[in-house]
Structures are given as structure tokens and as C-alpha cells.
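In: Below are the sequence and a predicted model for it; my questions follow.
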Amino acid sequence: MITEVITFKLRAGMTREDVVAMYRKTAPIWRANPECIRKCYLYDSERGLGGGAYLWKSIDAAKLAHGDAWRTMINDLYGSEDQISIVYFETLVVADNLVQRTIEEDDLSLATPTPQPR
């Protein structure tokens with residue numbers, strides 16, 4: 001598993017409510033990607049940053065999802081002007097209190113998505 005942490009500059013004047021609205025708009029994209037295990041949306045009002053912390057099945061999946069089309073989307077939605085930072089970490093173990101389990105990188109249950117209530 002790979003954790004990918006992304007930050008990007010927000011357009012001047014964007015409020016927290018503006019950012020949340022955009023995040024809600026893009027959430028279905030990540031819910032539909034079977035390679036994305038989890039995404040946490042990030043916001044830093046003091047530094048004017050938005051972003052995400054993603055848990056991916058592989059680094060290839062992360063890089064594929066965040067190519068040129070994604071950069072264009074981020075620039076269009078948030079006015080980032082290519083001020084985007086991406087950092088990758090190998091993720092060995094996840095202590096997940098939401099599903100009440102510890103997930104390790106060779107966990108076969110990650111290969112088959114579990115249906116979630118909407």
C-alpha cells in the first residue's frame with residue numbers, strides 16, 4: 001500500500017465553505033476508483049492550502065490517478081497555478097478504528113471492495 005499526501009495552493013478568497021463544496025463535488029471520483037482505498041480531504045486556512053491524503057493499493061495507481069488531467073482539474077477548481085506538492089510513503093500497517101481492524105499491506109480483502117451503504 002502507498003500513502004500519497006498532496007497539497008495545493010487555493011485561489012485567494014476561497015472560503016472553507018467553498019473548499020468543502022468542491023471536495024463534495026470530487027468525492028464521487030475517488031469513491032469510483034477501485035484502486036483508491038481511502039481519501040482524506042485536507043484544508044489549511046492559515047497557509048491557503050487544500051489537499052488530500054490517499055491510501056492506494058499501489059504507487060502506479062496513485063501516479064495514474066494524478067496525471068495531467070487531474071492537474072488541470074485542480075488548477076481549474078482551486079486556482080492552484082501548478083503549486084502542487086505530492087509525496088509518497090510506503091504504508092506497511094494501518095490501524096483503522098472505523099472498521100475496527102488492523103490492515104497490513106498483504107491483506108487480500110483490499111483486492112475486493114466491500115459494498116458500503118450510501
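Out: Nice, I can see it.
In: how about the longest helix seen in the chain: buried residues?
Out: In the chain, with assignment by DSSP state H, the single longest helix is helix 16-31. By neighbour count on 16 or more other CB atoms under 10 Å, the buried set for helix 16-31 is 19, 22-23, 26, 30. C-beta: built from backbone N, CA, C; applies to glycine.
In: Next, format the residues you listed as JSON lines and append pLDDT and distance to T72.
Out: Listed next are these as JSON lines, based on pLDDT from 0 to 100; distance: CB to CB, whole Å:
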{"residue": "V19", "pLDDT": "97", "distance to T72": "19"}
{"residue": "M22", "pLDDT": "96", "distance to T72": "15"}
{"residue": "Y23", "pLDDT": "97", "distance to T72": "18"}
{"residue": "T26", "pLDDT": "95", "distance to T72": "13"}
{"residue": "W30", "pLDDT": "96", "distance to T72": "17"}
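In: ok, the next helix or strand after the longest helix of the chain: who's next to it in the sheet?
Out: For helix 16-31, the following helix or strand on the C-terminal side (DSSP states H and E) is strand 36-44. Strand pairing for strand 36-44, using DSSP bridges, gives strand 49-56 (antiparallel).
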